[in-house]
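Q: I'd like to go over a predicted model; first the sequence, then the structure.
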Amino acid sequence: VGVDGGDLRLTDCEVSAVNGSCVGATGVNSTVLVRVCAFEGSSVGVVGCAGAQVRCEDTTMQGHDQAGIVLIGNKTLAELEGCVVSECGVMGVSVTGGARFVADGCS
């Protein structure tokens with residue numbers, strides 16, 4: 001599922017066994033809200049870049065080959081609340097190029 005310059009809302013869903021990412025957002029006008037979802041078995045759970053804003057609440061990201069979350073670029077922001085990021089191959093979270101990551105009550 002991806003968005004480039006728009007809004008995306010996912011609630012109570014499961015995405016698994018895909019190549020690439022479960023959710024991707026790019027561009028300063030992109031916003032993603034994920035609530036009570038499960039992402040597993042892909043390369044990456046969530047990718048945000050080029051200023052995208054991502055918020056995940058009560059969501060599980062596990063069993064990804066590369067990372068649970070990848071953030072790239074200035075003004076890119078991911079906020080997680082009550083989420084679980086586990087069993088990811090290379091890293092749980094990758095934040096580069098001026099991106100920001102905020103987690104509250106996560107494991």
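A: Received it, and whenever you're ready, just let me know what you need. Residues are numbered from 1 along each chain as shown.
Q: Contacts only, for the spatially most central residue of the chain.
A: Residue closest to the average C-alpha location in the chain (CA atoms, centre = their mean): residue 46, at 2.5 Å. Residues near residue 46 by CB atoms under 8 Å, 6 or more residues apart in numbering: 21-24, 32, 34, 39, 54, 56, 61, 68-70, 78. Just so you know, the C-beta spots here come from the backbone N, C-alpha and C atoms, and that holds for glycine as well.
Q: Need these in TSV (columns: neighbour count and distance to residue 103).
A: Formatted as TSV, these follow (neighbours: other CB atoms under 10 Å; distance: CB to CB, whole Å):
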residue	neighbour count	distance to residue 103
21	23	19
22	29	18
23	26	17
24	21	20
32	23	16
34	26	14
39	29	16
54	25	12
56	29	9
61	29	12
68	30	11
69	29	9
70	24	15
78	25	9
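Q: which residues of this structure score low on pLDDT?
A: 17 (pLDDT under 70).
Q: Where do the strands of it begin and end?
A: Remark: strands assigned in the chain by DSSP state E are 2-4, 7-11, 14-16, 21-26, 31-35, 38-40, 44-49, 53-57, 60-62, 67-72, 77-81, 84-86, 91-96, 100-104.
Q: What helices and strands are in contact with the fourth one?
A: Right, strand 21-26. Applying 3 or more CB pairs under 8 Å, 6 or more residues apart in numbering; DSSP states H and E, we find strand 21-26 packed against strand 2-4, strand 7-11, strand 14-16, strand 31-35, strand 44-49, strand 53-57.
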